[in-house]
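Novice: sequence unavailable; structure follows:
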């Protein structure tokens, strides 16, 4: 399909979707705070202080959608600073949580903004004010108007750490006629695995522009949390809330709805064989903490929230509070953001969420690089390449259903050496990703203006 037709359709439909989504956007902004700044910046209006931070400095513009992409972007920014300490960078993000995390790292050479809406007059204004030296997109978020306008100015546009699962590839191929004319505008793409080269090339990106650098997500994943010492404060919280020091921790990480109840019941049954076992749940969405606590309370558990209101309302509308004499004992719920990697340091075993009651799976590599045996469910579509590599060296355990989970966990609890060997094998397989952030930084710094 001609590119002009693609852009015509896109720019006709985009305002409709924006109007439909506006009420939800306003409600979220009112609830989370920062609505005024958020709204202004999304339409290209910056305060004088913000403008002064980047105007006239031709910054490198990095866009990261949400929390996961922000963490990747911050790794790359650290690598850029190692190579070019004076490089000015603008980091934009879409979500309020992503903005809050990024803003903590703001400094003289790093400015954090909300990503502008991809309307032609908005992106044109932001480009004129910022005058970036290049645009770096993290993983797979491509904004057609922004990309096209930068290309017309001769500004390079790069896609970094571009993940594409088989499921996403199939979805993209169904609308290839619409996306290939836009993807072909990219000046360079870095991908984690060799198989990703063929996938992205099949979507319209010339193969010679695609470079395999390893995954930034898995680069130095084990040291990020230990460097902060956060795991020590988490261990203290467990002690302060009544967990004995000799407990063996099962961490259920990045869980989704339904998985918390399932894993809690599995852990309770395992306590018959391993009475020293204790469960900590780290949900993917921290705001679900109270709802998870209510569900577990109804099953007879004593849920202990890391960030806990005195009283919350259950799904049935009845008042609920944690009970000290719950027959099935305590379950700890870490309903916070940004602590997951630190929790892995405290674990003896890790179960990865979104792999049982939902599809796609979550990142299994970080706990492996922390030296922990990892168990995943049948649905790891978003990490299929990683899991394939790990299974080939017996570096991870994948169960076919939730019914098989208790047996696998009990085997690892009874044989610690087996779990440690599994973690060592997995870490060795992931060593290929070491230095990925530095390789990506070198790649994007080497790209020159196309003027």
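Specialist: All right, it came through fine. Everything numeric in this text was worked out from a predicted model, so none of it was measured. Numbering: from 1, shown residues only.

Novice: which residues of the stretch 1-150 of the chain score low on pLDDT?
Specialist: Applying pLDDT under 70 to the stretch 1-150 of the chain flags the ranges 25-26, 28-37.

Novice: quick one: buried residues of stretch 125-139?
Specialist: Within stretch 125-139, the residues that count as buried by 16 or more other CB atoms under 10 Å are 125-127, 130-139. Bear in mind the C-beta positions are built from the backbone N, C-alpha and C, glycine included.

Novice: let's have those in CSV, adding distance to residue 305 and secondary structure.
Specialist: Shown next, in CSV, are the buried residues of stretch 125-139 (distance: CB to CB, whole Å; DSSP: H, G, I helix; E, B strand; the rest coil):
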residue, distance to residue 305, secondary structure
125, 44, helix
126, 40, helix
127, 45, helix
130, 42, helix
131, 47, coil
132, 42, coil
133, 46, coil
134, 44, strand
135, 41, strand
136, 38, strand
137, 36, strand
138, 32, strand
139, 31, coil
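
Novice: in this structure residue 190 contacts residue 211, no?
Specialist: Yes. Contact criterion CB atoms under 8 Å: residue 190 and residue 211 qualify, at 5.1 Å.

Novice: mutual contacts of the two, please.
Specialist: In terms of CB atoms under 8 Å, 6 or more residues apart in numbering, residue 190 and residue 211 are both contacted by the residues residue 443.

Novice: hey, where'd the strands end up in the stretch 351-451 of the chain?
Specialist: For the stretch 351-451 of the chain, the strands defined by DSSP state E, counting those that start in this stretch cover 374-376, 397-398.

Novice: so can I have a markdown table of those strands showing mean pLDDT and distance to residue 389?
Specialist: As requested, these are exported to a markdown table (pLDDT from 0 to 100; distance: least, CB to CB, whole Å):
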| stretch | mean pLDDT | distance to residue 389 |
| --- | --- | --- |
| strand 374-376 | 97 | 13 |
| strand 397-398 | 97 | 12 |
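
Novice: please identify the deepest-packed of those.
Specialist: Of all those, strand 374-376 carries the top mean neighbour count, a mean of 26, counting by mean count of other CB atoms under 10 Å.

Novice: how close does the residue nearest to the spatial centre of the chain get to residue 340?
Specialist: For the chain, residue 68 is the residue whose C-alpha lies nearest the centre (CA atoms, centre = their mean; 2.4 Å). Distance of residue 68 to residue 340, given as CB to CB, to the nearest Å: 11 Å.

Novice: residue 190 and residue 211 - which one has more neighbours?
Specialist: More crowded of residue 190 and residue 211, by other CB atoms under 10 Å: residue 190, with 24 against 14.

Novice: double-check that that one belongs to a helix.
Specialist: No. Remark: residue 190 does not belong to a helix; assigned using DSSP: H, G, I helix; E, B strand; the rest coil, it is strand.
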